[in-house]
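Novice: Got a predicted structure plus its sequence, pasted below:
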Amino acid sequence: MNKLQFILNDTIREIDFNNSVYSPTTTVLKYLRSLPGHKGVKEGCAEGDCGACTVVLAHFDGKKMKYKAVDSCLIFLPMLQGSQLITIENLESDSGQLHPVQNAMIESDGSQCGYCTPGIVMTLFSAYKNHHSTETAEIKKTLSGNLCRCTGYKPIVEAAQSVLSHIEEDHFSIKENKIIKLLKQINSNSNKEFFTENQRYIKPFDLSEAYFYRQLYSEAILICGNTDIALKVTKKNELLPEIIDISDLKELNFIKKTAKTIFIGSGTTIEDIRVVIKDELPALYYMLSVFGSGQIRNMASMGGNIGSASPIGDTLPVLMAYKAKVVLKNATNTRKIPVEKFIISYRKTDIQPGEIIYSVEIPIPDKNKIIRSYKVSKRREMDISTLSACFSLQKNTQNNTVDRIILAYGGMAATQKRALICEEFLKGKNWTQETIDKAIPILRNEFRPLSDARSGEQFRTIVAGNLLQGFFNETLADS
Ligand SMILES: Cc1cc2nc3c(=O)[nH]c(=O)nc-3n(C[C@H](O)[C@H](O)[C@H](O)COP(=O)(O)OP(=O)(O)OC[C@H]3O[C@@H](n4cnc5c(N)ncnc54)[C@H](O)[C@@H]3O)c2cc1C
Ligand code: FES
Ligand code: FES
């Protein structure tokens, strides 16, 4: 059996790769554009930056349907297995009534040329189904993954505010039971291998199968949210011969909290983590709030962020400052290593053949520790970091000296890096402006960052010091 099944237009759709013009790495965007009746979805950038290709994926989580907006240009066809694909053409009801989000966009003149409009409507539709907040700041955050060149965002935000303040049952709620039945039917009979002459795509059913296939196909690329790997296909036109997709593994999708530690499964998405760790890990919450866009956060996983070992991966400096550990597993062994030791060189991790990142364990810091994170990028939303940092300070409150300090930076070297010399200098010193004035030149001397399209070496070096100054100022404001 080489068939993929998902729901489109309220019926089960099948793609049989034995006899198909599509391959397992055809993106959902390309697939939809090839169908009659689904050309509302648009291609703008093919790399997750513009949102013109936004569709909604709905899953049954065992209790209810969950709807999330995603960039269809970053999704390979087998990632649809067992879910409902909803496009702009599905928003109208069977009796021809526009969906409330479509009416709101019309009423507030939210569209001019219309190229971005299907994507924006789909993002608003997912916000509608998730009973999203009507606060302007939250709406702007939700829309941050959708670019519009001509309308201006004010009418679009107004449309969102108006429709989100009157959420009612829509035709999706009415049909939910039917869809759940179809999804159960697909899941009782689902397939885990999709192949063509030159590609093999495997979706293991559980973790033990994932270890088995990881061992068997040692050269296969592991994917979870696919927000990094998809670009190999959409931008570099690479053929990926073997893929193991772990995005559906429930065993990797968890967040557990104890009094001392938060345990995050590697497959948990950035958005699912963001919404539950605000109180315990505010510095991580901040960093996840400025991570990509809603569409990216809905797919990107924690395991993928650390697994890609990018020097500008945003979670790594924060995890370093929190002294987090990475848990790696294979079929027989478990290893737990500090995040700092996990990244060994430029885009290289300590993962051994057969291993998978299982989870990240983050100690909940003592109340007397101050931990703050910073992201410097050209745009506030939807941008990769030029540099980022996370600092952790434990002071001796009796005499205002530094007990322990961690200064972790991203974008300043080939890997995330702590300013160890500066940390050593600060230890035991008075936490005063005089000390910071001496510390900043030491810190700036510790790094030789690259110059690249985002910025020059000099800018990065100056800003790295300024972030320490900013952190010092914030600690004064706090005390
Ligand atoms: C438009 C756009 C905006 C972005 N914005 C940001 C941003 O603001 N900040 C940021 O840090 N990144 C950003 N990224 C990069 C990317 O989204 C993140 O790195 C993301 O966390 C990757 O997760 P994923 O699940 O999609 O990884 P995938 O693409 O599935 O995989 C990435 C790598 O991790 C490996 N991997 C995945 N899971 C595991 C596992 N469990 N065990 C072992 N290896 C694993 C894969 O083999 C692969 O090498 C952006 C990307 C795009 C396209
Ligand atoms: S085409 Fe731009 S985000 Fe997909
Ligand atoms: S309406 Fe033209 S790009 Fe948004």
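Specialist: Now that the structure is in, tell me what you want to look at. Ligands and ions are numbered 1, 2, ... in the order given.
Novice: I88 contacts K39, doesn't it?
Specialist: No - the pair I88 / K39 is not scored as a contact, 9.5 Å apart, by C-beta atoms under 8 Å. C-beta coordinates here come from the backbone N, C-alpha and C atoms, glycine included.
Novice: the more surrounded of the two?
Specialist: Comparing I88 with K39 by other C-beta atoms under 10 Å, the one with more neighbours is I88, at 24 against 14.
Novice: wait, what's in contact with that one?
Specialist: Contact analysis of I88 by C-beta atoms under 8 Å, 6 or more residues apart in numbering lists 40-41, 55, 118, 121-122.
Novice: As a markdown table, these with pLDDT, neighbour count and distance to ligand 1 would be great.
Specialist: Converted to a markdown table, those look like this (pLDDT from 0 to 100; neighbours: other C-beta atoms under 10 Å; distance: C-beta to the nearest ligand atom, whole Å):
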| residue | pLDDT | neighbour count | distance to ligand 1 |
| --- | --- | --- | --- |
| G40 | 97 | 19 | 21 |
| V41 | 98 | 24 | 17 |
| V55 | 98 | 29 | 16 |
| P118 | 98 | 24 | 18 |
| V121 | 98 | 26 | 20 |
| M122 | 98 | 29 | 16 |
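Novice: List just the nearest of these to ligand 2.
Specialist: In terms of C-beta to the nearest ligand atom, no member of these lies closer to ligand 2 than V41, at 8.8 Å.
Novice: In contact with the nearest residue to the closest one once chain neighbours are set aside, which residues are there?
Specialist: Leaving out its chain neighbours, the residue that sits closest to V41 by C-beta to C-beta, 6 or more residues apart in numbering is L32, at 4.8 Å. For L32, the contact set (C-beta under 8 Å, 6+ apart) comprises 38-39, 41, 55, 72, 87.
Novice: Go again with 10 Å.
Specialist: 8, 38-41, 43, 53, 55, 72, 85, 87-89 (C-beta atoms under 10 Å, 6 or more residues apart in numbering).
Novice: okay, and the common contacts of I88 and K39?
Specialist: Counting by C-beta under 10 Å, 6+ apart, the residues touching both I88 and K39 are 32, 118.
Novice: Tell me which other helices or strands the one helix or strand in the chain whose mean pLDDT sits lowest touches.
Specialist: Lowest on mean pLDDT, DSSP states H and E among the helices and strands of the chain sits helix 136-142, with a mean of 92. Applying 3 or more C-beta pairs under 10 Å, 6 or more residues apart in numbering; DSSP states H and E, one finds that helix 136-142 makes contact with helix 117-129, helix 153-164, helix 294-299.
Novice: So is the second one next to ligand 3?
Specialist: So that's helix 153-164. No - Helix 153-164 lies out of reach of ligand 3 by C-beta under 6 Å from any ligand atom, never closer than 8.3 Å.
Novice: before we move on, the earlier item: L468: which of the helices and strands packed on helix 136-142 is closest?
Specialist: Proximity to L468 (C-beta to C-beta) singles out helix 294-299 among the helices and strands packed on helix 136-142, at 28.3 Å.
Novice: Tell me which helix or strand comes right after the closest one.
Specialist: helix 302-307 (DSSP states H and E).
Novice: next SSE after that following helix?
Specialist: Where DSSP H and E defines the elements, the next helix or strand beyond helix 302-307 is helix 315-321.
Novice: quick one: average confidence on that next one?
Specialist: Averaged across helix 315-321, pLDDT comes to 98.
Novice: residues of it that come out buried?
Specialist: 315-321 (16 or more other C-beta atoms under 10 Å).
Novice: Flag every buried residue along the next helix or strand after it.
Specialist: Moving toward the C-terminus from helix 315-321, the next helix or strand (DSSP H and E) is strand 325-329. Of all the residues in strand 325-329, those buried under the rule 16+ other C-beta under 10 Å are 325-329.
Novice: Then stretch 38-55?
Specialist: 38, 40-44, 46, 48-55.
Novice: same deal with stretch 303-310?
Specialist: Under the neighbour-count criterion of 16+ other C-beta under 10 Å, stretch 303-310 has 303-307, 309-310 buried.
Novice: Could you dump these into a markdown table with pLDDT added?
Specialist: Below are the buried residues of stretch 303-310 laid out as a markdown table (pLDDT from 0 to 100):
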| residue | pLDDT |
| --- | --- |
| G303 | 98 |
| G304 | 98 |
| N305 | 98 |
| I306 | 97 |
| G307 | 97 |
| A309 | 94 |
| S310 | 93 |
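Novice: Burial check on the nearest residue to N253 once chain neighbours are set aside, number of neighbours?
Specialist: Sequence neighbours aside, G267 is the residue nearest to N253 in space, at 4.6 Å (criterion: C-beta to C-beta, 6+ apart). G267 has 26 neighbours, counted by other C-beta under 10 Å.
Novice: Contacts only, for G267.
Specialist: G267 neighbours (C-beta under 10 Å, 6+ apart): 207, 224-225, 246-254, 301-304, 356-359.
Novice: Look up how far Q185 lies from it.
Specialist: 25 Å (C-beta to C-beta, to the nearest Å).
Novice: How about H38?
Specialist: In terms of C-beta to C-beta, H38 sits 23 Å off from Q185.
Novice: And for V339?
Specialist: 42 Å.
Novice: and if you look at K336?
Specialist: Counting by C-beta to C-beta, the gap from K336 to Q185 is 41 Å.
Novice: And T123, by the same measure?
Specialist: Distance from T123 to Q185, by C-beta to C-beta: 29 Å.
Novice: Show me what from the protein comes close to ligand 1.
Specialist: Counting by C-beta under 6 Å from any ligand atom, the residues of the chain lying close to ligand 1 are 47-49, 221-229, 246, 266, 291-292, 296, 299-301, 303-305, 307-308, 313-314, 351, 356-357, 384.
Novice: Give me the buried subset of these.
Specialist: Here, 16+ other C-beta under 10 Å leaves 48-49, 222-229, 246, 266, 291-292, 296, 299-301, 303-305, 307, 313-314, 351, 356-357, 384 buried among the residues of the chain next to ligand 1.
Novice: Any idea how many residues pack against L77?
Specialist: L77, neighbours per other C-beta under 10 Å, totals 22.
Novice: What residues does it make contact with?
Specialist: With the criterion set at C-beta under 10 Å, 6+ apart, L77 makes contact with 4, 6, 15, 17, 20, 22-28, 30-31, 194, 201.
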